[in-house]
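J.: Quick one, fold the following:
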Amino acid sequence: MLVGAMYRSHEIPPEPIQSLRVALALAERFEALVQGPSKVVARQRGYGIGVSGNESALSLRIGEAQQLYPEIWRHLDDARAGFAANGIDVSGYDSVRADEGIALGADVKLSHRTYGAGQYATHESTKEAGFNLTGLARAKRACDALVEATPMVDWEAIALAQDHDPAAAAFGRARRVKLAVMLMCGLAVIAVPFAVIKYLAYREHARHLAYTPPEAVHLDDRERTELAATVVELRRQLAAALAAWPTATAPSRLATLHPGSAPCSAPYHAPSEDAANAFIRTGTRTGTSTPALAASDFWAYLADGTNAVPEGDLVQLDRIVAGVERRLATKDATAADRDTIAAIPRMLAFVLIDSDHEPDVTQTSPIAYANGELVARGYVFSLADAKIVCAATLDAKSTASSPVPGFLDGARRRDDIAQRLHRDLEVALRRELAAKLHATGS
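T.: This next block holds a predicted model:
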């Protein structure tokens, strides 16, 4: 009633004025939504899983933007129709409106990239919001065009009055409740693709930390005290490692590190023949005599010669340990937390791949292929020492093509052959790492 009472003398009905006010408010809210990060990245490497950014918050912002944006234009069109019906020239608005296509507030781009090679590669999944900033600017110009077309309306007075009007406040609350309900319905669809990434990340993390708890077994006071001492020391080591990592892994520093003659303090073992054969044939990491390939786990990166090795894996380990620390503080720590801490590696191996030539399948019947080769450097970083303590020069070659190796028996399709050869090259790299790591000679 407030708007109508103030402007009935101008013979402009309150509805278009209110519609424009709502459009202005929604545009302000949309502008607030587009502030802040628009990307979330989930990375998996070995047992290390990390998510950079707040995926839930981004999904909420995307969902609200998608709901708000068409509402802005719906209210603007209602205002335009009401003003035009009262003889007001709205050609300025029409000119701006003509450039607006489908009213889309935000789109979502999901992408996946893999760095490195094989099972030791880095898998990166990205969710990025494309907020319609161009459309927002256009909507604001459309609002301005309608305001300029109605100089007889004291818009500043209306804004001030509505800020103090209980009915207007109640209207705003009702709209927010309705929007929240609509948002929850739409958000499920928006969040599903990245929820899958988060689930897979959790599943992979749980698998590698050998954690499948049937039930939570809480620790007693003695067990908590022992675990707390381990966690405090581990967090101290991780803090020192994070501080030292950029310098320790800088290309200039790595260039000075060479393997010496002394054995590496962290022995890495090659997979057994059984485990390797099962892995090459099927991709499974289990074998009859060796339970897994984890004895020579490492992280791998494509060397670029300019940047330090990313520290994201250390950050993720620190977050895992910090989570156990919080549960210890609230006496919620369980036997699973103790197992998690026990599984945290104190020696971190990583490989910089300088050259990667994958085997090339030239024919499938009979099988023929060009051999593959990986030229790389291996390093071991000690948490206790906060420095690289071992190094290796690596030259891994795939199994010779003549005679055709037994692990290709039964392979018929080109992609199956290529995948087996790829895994064979990974096994060769693991064997090189196990054989050639020595304490640094510098």
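
J.: Please identify the buried residues of stretch 363-380?
T.: For stretch 363-380, burial by neighbour count (16 or more other CB atoms under 10 Å) applies to 367, 369, 371-374, 376-380. Where you see a C-beta, it was placed from the backbone N, CA and C, and this is true even at glycine.

J.: Stretch 327-337 too?
T.: For stretch 327-337, by 16+ other CB under 10 Å, it's 327-328, 333-337.

J.: what element comes up after the worst-scoring helix or strand of the chain on mean pLDDT heading to the C-terminus?
T.: When the helices and strands of the chain are scored by mean pLDDT, DSSP states H and E, helix 2-7 comes last with a mean of 36. Counting by DSSP states H and E, the next helix or strand C-terminal to helix 2-7 is helix 14-33.

J.: what's that next one packed up against?
T.: helix 2-7, helix 55-85, helix 133-149, helix 155-163 (3 or more CB pairs under 8 Å, 6 or more residues apart in numbering; DSSP states H and E).

J.: Quick check: which of the ones you listed is buried the most?
T.: helix 55-85 (a mean of 20; mean count of other CB atoms under 10 Å).

J.: could you give the mean pLDDT of it?
T.: Mean per-residue pLDDT for helix 55-85: 83.

J.: and the angle for that helix with helix 14-33?
T.: Orientation check (axes from the mean of the first three to the mean of the last three CA atoms, to 10 degrees): helix 55-85 against helix 14-33 gives 150 degrees.

J.: how big is the angle separating helix 55-85 from helix 133-149?
T.: 30 degrees.

J.: Tell me the first helix or strand C-terminal of helix 55-85.
T.: Following helix 55-85 in sequence, per DSSP H and E, is helix 91-97.

J.: H75 is in contact with P16, isn't it?
T.: No: with contact taken as CB atoms under 8 Å, H75 and P16 are classed as non-touching, separated by 9.5 Å.

J.: Okay, now the unreliable bits of the stretch 151-300 of the chain?
T.: 159-216, 285-296 (pLDDT under 70).

J.: What are the boundaries of the helices in it?
T.: 155-163, 166-208, 221-248, 251-254, 273-282 (DSSP state H, counting those that start in this stretch).

J.: Check which helices and strands the last one sits against.
T.: Meaning helix 273-282. helix 414-436.

J.: next helix or strand past the helix it packs on?
T.: Downstream of helix 414-436 (by DSSP H and E), the next one is strand 438-440.

J.: what lines up beside that next one in the sheet?
T.: Strand pairing for strand 438-440, determined by DSSP bridges: strand 259-263 (antiparallel), strand 387-397 (antiparallel).

J.: For those strands, give me a markdown table that also has distance to V108 and mean neighbour count.
T.: Shown next, in a markdown table, are the strands paired with strand 438-440 (distance: least, CB to CB, whole Å; neighbours: other CB atoms under 10 Å):
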| stretch | distance to V108 | mean neighbour count |
| --- | --- | --- |
| strand 259-263 | 47 | 13 |
| strand 387-397 | 39 | 20 |
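
J.: Dump the ones you listed into CSV; add distance to G92 as well.
T.: Shown next, in CSV, are these (distance: least, CB to CB, whole Å):
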stretch, distance to G92
strand 259-263, 74
strand 387-397, 66
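
J.: So for V231, which of those strands sits nearest?
T.: strand 387-397 (22.3 Å; CB to CB).

J.: got the contact list for that closest one?
T.: Residues outside strand 387-397 that contact it (CB atoms under 8 Å, 6 or more residues apart in numbering) are 244, 248-249, 254, 257-259, 264-266, 347, 351, 371-382, 425, 428-429, 431-433, 436-440.

J.: Next, the angle from it to helix 221-248.
T.: Using the same axes, to 10 degrees: strand 387-397 against helix 221-248 is 70 degrees.

J.: average pLDDT across strand 387-397?
T.: Mean predicted lDDT for strand 387-397 stands at 94.

J.: If you compare the directions of it and helix 414-436, what angle comes out?
T.: Going by the same axes, to 10 degrees, strand 387-397 makes 130 degrees with helix 414-436.

J.: For D332, which three-state class applies?
T.: Here D332 is recorded as coil under DSSP: H, G, I helix; E, B strand; the rest coil.

J.: Skipping adjacent residues, who's closest to it in space?
T.: H218 (7.2 Å; CB to CB, 6 or more residues apart in numbering).

J.: got the contact list for the one you found?
T.: H218 neighbours (CB under 8 Å, 6+ apart): 331-335.

J.: Can I get those residues in a markdown table including pLDDT and distance to A98?
T.: As requested, the contacts of H218 are arranged in a markdown table below (pLDDT from 0 to 100; distance: CB to CB, whole Å):
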| residue | pLDDT | distance to A98 |
| --- | --- | --- |
| K331 | 88 | 65 |
| D332 | 86 | 60 |
| A333 | 87 | 63 |
| T334 | 88 | 63 |
| A335 | 86 | 67 |
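
J.: Name the nearest of those residues relative to P359.
T.: A335 (44.4 Å).

J.: give the contact list for the residue found closest to the closest one once you drop the neighbours it is linked to in the chain.
T.: Using CB to CB, 6+ apart and skipping the chain neighbours, the partner closest in space to A335 is V217 (4.3 Å). Listed by CB under 8 Å, 6+ apart, the contact set of V217 reads 334-336.

J.: Tell me the backbone dihedrals of the residue nearest to R431 when sequence neighbours are not counted, please.
T.: Using CB to CB, 6+ apart and skipping residues adjacent in sequence, the residue nearest R431 is A270, 4.3 Å away. The phi/psi pair for A270 (degrees, to the nearest 10) reads phi -70, psi 150.

J.: ok, back up a step: quick check: the gap between the residue nearest to A335 and A336.
T.: For V217, the distance to A336 (CB to CB, to the nearest Å) stands at 8 Å.

J.: repeat for A343
T.: 10 Å.

J.: circling back: mind listing the shared neighbours of V217 and A336?
T.: What both V217 and A336 touch, as defined by CB under 8 Å, 6+ apart, is an empty set.

J.: how many other residues sit next to the residue nearest to R431?
T.: For A270, the tally of surrounding residues (other CB atoms under 10 Å) stands at 19.

J.: same thing with the one 4 residues further on?
T.: The local packing of D274 (other CB under 10 Å) involves 13 other residues.

J.: what's the spacing between it and A386?
T.: Where A386 is concerned, D274 sits at a distance of 37 Å (CB to CB).

J.: what's the answer for T249, then?
T.: For T249, the distance to A386 - CB to CB - is 12 Å.

J.: Which one of those two is surrounded by more residues?
T.: For T249 versus A386, neighbours defined as other CB under 10 Å are more numerous around T249 (20 against 17).

J.: Sounds good, over and out.
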